[in-house]
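Undergrad: fold the stuff below for me.
(one chain, ligands or ions: 2)
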Amino acid sequence: MPKQTIRDLELNGKKVLIRVDFNVPLKEGIITDENRIVEALPTIKYVLEKGGRAIVFSHLGRVKDESDKANNSLSVVAKRLEEHLNQKVVFIPETRGEKLEKAIHDLKNGEILMFENTRFEDLNGKKESKNDPELGKYWASLGDVFVNDAFGTAHRDAASNVGIASNIKHTVAGFLLEKEIKFIGGTLESPEHPFVAILGGAKVSDKIEVIKNLLNVADHVLIGGGMIFTFYKAMGLEIGKSLLEADKVDLAKELLELGKGKIILGDDVITGKAFEPETEKNCRSIEGIPSDELGLDIGPRTIQLFESYIQSARTVVWNGPLGVFEFPRFAEGTRSIAQSIADLKDRATTIIGGGDSAAAVIQFGLKDGFSHISTGGGASLEYLEGKVLPGIACVDDK
Ligand code: ADP
Ligand code: MG
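TA: Residues are numbered from 1 along each chain as shown. Ligands and ions are numbered 1, 2, ... in the order given. Next comes the predicted model:
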């Protein structure tokens, strides 16, 4: 079902609640990656240009006790946002109360304020993350309309997304949420074929539902990363000291049966002697993995095989690095596959989901090589699993 977006709303003079995902990484009070701020700018700017009064909020980090407050204040983000917008951002260090209400009352058209980390409310009894009904109702009362643009938390049922949406007349998607819905949701719903899914990452257990769901919609499912070894074990191969989830071998057998003809596993791996960056590197056929070695990347024949599928694809969805890309010696598989997806350019819709996969392609300098790099880690995984995300479901249908 298509969702309403901010283009569908009259914003002039309206108090516009905007839930963004400003959960940025901080080191000693300094923002180390501001991608999430940059990604939220189009929505915020649009609201301001249309004469809306923007009330922006987000969660930030983990807030377990009072001592976490100092390190997780959104005030640094407000400063950074101010620089990006080149406009004053009024920061209210509260999540409710008179001071906040007065500041909202005083906002003029085209002005913006931000209030404090929504998770500070959790210290009053898990209110924000547990979608406390009173809290959602209170925040909803502060605005006229609600724009949800926080894809990163769309898989959670929180007071600051679902709670507000259930207590306000209009809930629409911001541009970022719209983009995630269009690319991930739209692709899963009606992909162009051939549709190639590439799955990697550490564990089968993290990706079972993703594999199952993509087997329903994709033509080919290529598997690499740490999880292939549980599949190789299921095929009766010896995998040395490679990552194994012994309790998932039967499940891997079932998946191989279910995905017969669709699941593509390579036939060579790059091994090391230990899980270390400088360990001795060898290329092994999967029939000949020595007992004292472990697989840390896919091999060159496998890369070639995977590339042959990618080259004719019209849709590619990729989740999970194909090797331990954090070790330069074992990054080749992930890098080559990233490059061959990027080489498709406009011939295919190409989507990257998953936090580490996104980090990998950014590290390789291929950030602009894909149709879409999802901004959500957990949220993009659950979306790829075919789940209905509460933060999307709560947006008004067209
Ligand atoms: P994403 O965040 O993209 O969903 P995951 O979190 O599932 O990806 O997995 C990423 C991790 O998988 C990376 O840190 C990478 O080092 C690891 N990995 C990939 N291949 C292997 C392997 N052969 N053995 C162990 N770990 C691996
Ligand atoms: Mg990860």
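Undergrad: pretty sure Tyr46 contacts Phe175?
TA: Yes: A contact is recorded between Tyr46 and Phe175 when judged using Cβ atoms under 8 Å, the distance being 7.1 Å. C-beta coordinates here come from the backbone N, C-alpha and C atoms, glycine included.
Undergrad: need the overlap of contacts for these two.
TA: The contact sets of Tyr46 and Phe175 overlap at Ile6 (Cβ atoms under 8 Å, 6 or more residues apart in numbering).
Undergrad: so Ala54 sits in a helix?
TA: No: according to DSSP: H, G, I helix; E, B strand; the rest coil, Ala54 belongs to no helix; its state is strand.
Undergrad: ok, it to Gly125 distance?
TA: Taken as Cβ to Cβ, to the nearest Å, the spacing of Ala54 relative to Gly125 amounts to 29 Å.
Undergrad: count of neighbours near Val90?
TA: 16 (other Cβ atoms under 10 Å).
Undergrad: pull the number of nearby residues for Leu366.
TA: Residue crowding around Leu366 was assessed by other Cβ under 10 Å; the count is 17.
Undergrad: also the one 5 residues further on?
TA: Residues lying near Ser371 (other Cβ under 10 Å) number 19.
Undergrad: ramachandran angles for it?
TA: Here is the backbone geometry of Ser371 (degrees, to the nearest 10): phi -60, psi -40.
Undergrad: how about Gly272?
TA: Gly272 has phi and psi values of phi -130, psi 170 when expressed as degrees, to the nearest 10.
Undergrad: how many neighbours does it have?
TA: For Gly272, the count of nearby residues is 23 (other Cβ under 10 Å).
Undergrad: and it, how close does it get to ligand 2?
TA: 21 Å (Cβ to the ion, to the nearest Å).
Undergrad: verify the stated contact: that residue with Glu280.
TA: Yes: contact status for Gly272 versus Glu280: in contact at 6.6 Å, counting by Cβ under 8 Å.
Undergrad: quickly list what's touching both of those two.
TA: Contact criterion Cβ under 8 Å, 6+ apart; residues shared by Gly272 and Glu280: none found.
Undergrad: which element, helix or strand, includes Lys241?
TA: For Lys241, there is no enclosing helix or strand under DSSP states H and E.
Undergrad: for the nearest residue to it once chain neighbours are set aside, what are its contacts?
TA: Nearest residue to Lys241 in three dimensions, chain neighbours excluded: Leu294, at 4.1 Å (Cβ to Cβ, 6 or more residues apart in numbering). With contacts defined as Cβ under 8 Å, 6+ apart, the neighbours of Leu294 are Gly240, Lys241, Ser242, Leu243, Thr271, Gly272, Lys273, Ala274, Phe275.
Undergrad: the fifth one falls within a helix, correct?
TA: Read that as Thr271. No: assessed with three-state DSSP, Thr271 is strand; it does not lie in a helix.
Undergrad: so it makes contact with Ile289?
TA: Yes: checked against Cβ under 8 Å, the pair Thr271 and Ile289 is within contact range at 6.4 Å.
Undergrad: name the nearest residue to the closest residue to ligand 1 within the stretch 251-398 of the chain, ignoring sequence neighbours.
TA: Of the stretch 251-398 of the chain, the residue with the smallest distance to ligand 1, taken as Cβ to the nearest ligand atom, is Gly354 at 2.5 Å. Sequence neighbours aside, Asn319 is the residue nearest to Gly354 in space, at 4.4 Å (criterion: Cβ to Cβ, 6+ apart).
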